[in-house]
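1. need a 3D model of the sequence below.
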Amino acid sequence: MPQDAPAIAAVHVATWRDAYRGLLPDDFLAGLVVDEWADRWRGRLAAPAAGIFTLVFESDGRVRGFVSGGPDRLGLAGGEVFAIYVHPDCQGLGAGRRLLCAGARRLAGAGLTEARLWVLADNYPARGFYESQGWRADGAEHAWPFDDTGRTVPEVRYVRDLSLPAAGPA
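-> Next up is the predicted model:
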């Protein structure tokens, strides 16, 4: 829902600043503006492209995490988890597992049999989380242009067979 855009943006920015500290340049992370991200999210939520979804996790009536996904952005068969973030204050409490499972179920419900996601190569906590949830690195890598100046950071791709049971709680 478009009204969730500011809360999703706040989670997105807070999580990037926490999870990507030391992985992305400090000047980039410091320059993230929640209102700008909220505008982007508002547009995505108001008019999602075919098959695109965003699901939120709420705690105490507040959005504390989200997952978004849909058809693979590179046009490969299957689906993709585009983003999954849980506010740093709520990490380690199961929200990420629930969101990742819900995203995988949504992709499987759309008839997709495989899903992919990209993660920063040096983001070992996230990689460990994905592996604990049944995802595996498939050897694909690319340089992700994280800003409009041409700076990049390496990412690796993870895949999951959606016909297998999810590792986390429903």
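2. OK, contacts around the most centrally placed residue in the chain?
-> The central residue of the chain, meaning the one whose C-alpha is nearest the mean C-alpha position (C-alpha atoms, centre = their mean), is residue 83 at 1.5 Å. Shown here is residue 83, whose contacts under the criterion C-beta atoms under 8 Å, 6 or more residues apart in numbering are 12, 66, 67, 68. In this view, the C-beta of every residue, glycine as well, is placed from N, C-alpha and C.
3. how about 6 Å then?
-> If a contact means C-beta atoms under 6 Å, 6 or more residues apart in numbering, then residue 83 has residue 68 as its contacts.
4. which element is it on?
-> Taking DSSP states H and E as the criterion, the element that holds residue 83 is strand 79-86.
5. what's the mean pLDDT across that strand?
-> This predicted structure assigns strand 79-86 an average pLDDT of 97.
6. run through the neighbouring helices and strands of the helix or strand following it.
-> If you walk from strand 79-86 toward the C-terminus, the next helix or strand you reach (DSSP H and E) is helix 95-109. Contacting helix 95-109 under the criterion 3 or more C-beta pairs under 6 Å, 6 or more residues apart in numbering; DSSP states H and E are the following elements: strand 53-59, strand 62-71, strand 79-86.
7. now those as JSON lines including distance to residue 99?
-> Converted to JSON lines, those look like this (distance: least, C-beta to C-beta, whole Å):
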{"stretch": "strand 53-59", "distance to residue 99": "5"}
{"stretch": "strand 62-71", "distance to residue 99": "4"}
{"stretch": "strand 79-86", "distance to residue 99": "6"}
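8. what's the closest of these to residue 46?
-> Comparison of these against residue 46 by C-beta to C-beta identifies strand 53-59 as nearest, at 11.2 Å.
9. what's in contact with that closest one?
-> By C-beta under 6 Å, 6+ apart, the residues outside strand 53-59 that reach it are 4, 63, 64, 65, 66, 67, 68, 90, 95, 99, 102, 106.
10. cool, thanks, talk later.
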